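# Sequence and computational prediction follow.
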Amino acid sequence: MTDEVGQADGADKLHVVHHPDYVAPGAAGSGFAFDKYGLVMEALADSAVPHIIHTPDPMPVGWIEAIHDPAYVAEVLTCAVPPVKERRIGFPIVQRTARRAQLAPGGTWLAAKLALEHGYAANMAGGSHHALGDTGAGYCVFNDLAITANRLVAEGDAARVMIIDLDVHQGDGTAALLAGRPDIFTFSIHAEKNFPARKARSSFDLGLPDATGDEAYLAALAETLPRAIDDFAPDFILYQAGVDPHVEDRLGRLALSDGGLAARDAFVMRMARGRALPIASALGGGYGADRMAVARRHVATILALHRAFVAAPGPA
């Protein structure tokens, strides 16, 4: 199902993926608030940018099991996750959160399919890069990035997929799940001293010191990302566009401003667009007491990507 909001023509249309069940009641004692995923839609509507909302289906169980241990998948879908795993995830798995865990990968997959058609699309959830094969972790249940990358290759939609992860936390689950894959490249720039304490090995990792600001961050990105793209030569990019590198983020240790985040996102899009690579983004991390402020940061990222997509057409 699609829902067009406002009017735009051709490449000016922003394609976003959202499902009402992305929003679930918060769990007592958890630091994770699912209402963010409704607030981002409010913030997007407030922006008055014309957009088309696409509704995903749950990711088929077999595609989740292609990445995750079937026993763990069954634990989630039957709401029988052991307490030790629930503590590692950070919230209890009940019917609503189990459904959401299956919908978010479906949303990233749909965003990828839309990007193949339109050039860019955004899932308004996802980016669950800490989820491992047999357990979730760090507010992540199933790893939508790994699932979608694997499915793109397996179904012949892409031969080589690059996952660009610019969340403040290293994408350890994505790196571990896809280690040794010659057809999928994992790229992570993150705060070195932030969660997780024990890092995995991505195809490329750059851990930055605490309080790294706009200038140093953007210089590091410009020095490393173009070379990684050109060396690997992907034909599709998945972008974990977490906004937790922001200086005011509750769980971040970096110091990017609003302008720094916008410059980061525009640079990623220019790198993709200039090489005629379709790109799909997932929401990723963003935390703070003012959840609407966090939601607006997420929307600012999506709009920065969209503006750069429209302004920088691919090569003829």
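Alright, I've got the coordinates. Numbering: from 1, shown residues only.
# Provide the strand pairings for whatever helix or strand residue 206 lives in, with the direction of each partner.
Element membership for residue 206 (DSSP states H and E) is strand 204-208. Strand 204-208 pairs in its sheet with strand 184-191 (parallel), by DSSP bridges.
# just how off-centre is the partner strand within its chain?
Counting by C-alpha atoms, centre = their mean, to the nearest Å, strand 184-191 is centred 12 Å from the centre of its parent chain.
# Touching that strand from outside, list them.
The contact list for strand 184-191 (C-beta atoms under 8 Å, 6 or more residues apart in numbering) reads 149-150, 153, 160-171, 174-175, 178, 202-210, 212, 217, 220-221, 224-225, 228, 232, 234, 245, 252-254. No exception for glycine: its C-beta is placed from N, CA and C like everyone else's.
# 7 Å - rerun?
149, 153, 161-171, 174-175, 178, 202-208, 210, 220-221, 225, 228, 232, 234, 252-254 (C-beta atoms under 7 Å, 6 or more residues apart in numbering).
# Could you do stretch 95-115 as well?
15, 17, 19, 21-22, 24-25, 54, 56-59, 64, 76-77, 79, 91, 121-123, 125-126, 128, 141-142, 144-145, 147-148, 151-152, 238, 278-280, 282.
# Tell me the buried residues within these.
15, 17, 19, 21-22, 24, 54, 56, 58-59, 64, 76-77, 91, 121-123, 125-126, 128, 141-142, 144-145, 147-148, 151-152, 238, 278-280, 282 (16 or more other C-beta atoms under 10 Å).
# From those residues, which land in helices?
64, 76-77, 144-145, 147-148, 151-152 (DSSP state H).
# just to revisit the earlier point, show me the buried ones among the contacts of stretch 95-115 that map onto strands.
15, 17, 54, 121-123, 238, 279-280, 282 (DSSP state E).
# Any stretches of this structure with poor pLDDT?
Residues of the chain meeting the criterion pLDDT under 70: 1-2, 5-11, 25-34, 313-316.
# Just the C-alphas of stretch 276-296, formatted as PDB.
The C-alpha coordinates for stretch 276-296 follow below in PDB (Å, rounded to 0.1, in the frame of the first residue of the first chain):
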ATOM      1  CA  ALA A 276      24.900   5.700 -10.200                       C
ATOM      2  CA  LEU A 277      24.400   3.400  -7.200                       C
ATOM      3  CA  PRO A 278      20.900   3.000  -5.700                       C
ATOM      4  CA  ILE A 279      20.900   3.600  -2.000                       C
ATOM      5  CA  ALA A 280      18.400   2.800   0.800                       C
ATOM      6  CA  SER A 281      18.700   4.200   4.300                       C
ATOM      7  CA  ALA A 282      17.600   2.800   7.700                       C
ATOM      8  CA  LEU A 283      16.900   5.000  10.700                       C
ATOM      9  CA  GLY A 284      19.500   3.800  13.200                       C
ATOM     10  CA  GLY A 285      20.200   5.200  16.600                       C
ATOM     11  CA  GLY A 286      19.100   8.500  18.200                       C
ATOM     12  CA  TYR A 287      18.400   9.000  21.900                       C
ATOM     13  CA  GLY A 288      17.400  11.800  24.200                       C
ATOM     14  CA  ALA A 289      14.800  13.000  26.600                       C
ATOM     15  CA  ASP A 290      13.200  15.200  24.000                       C
ATOM     16  CA  ARG A 291      12.100  12.500  21.600                       C
ATOM     17  CA  MET A 292      10.600  15.000  19.100                       C
ATOM     18  CA  ALA A 293      13.900  16.700  18.800                       C
ATOM     19  CA  VAL A 294      15.500  13.300  18.100                       C
ATOM     20  CA  ALA A 295      12.700  12.500  15.600                       C
ATOM     21  CA  ARG A 296      13.400  15.800  13.800                       C
END
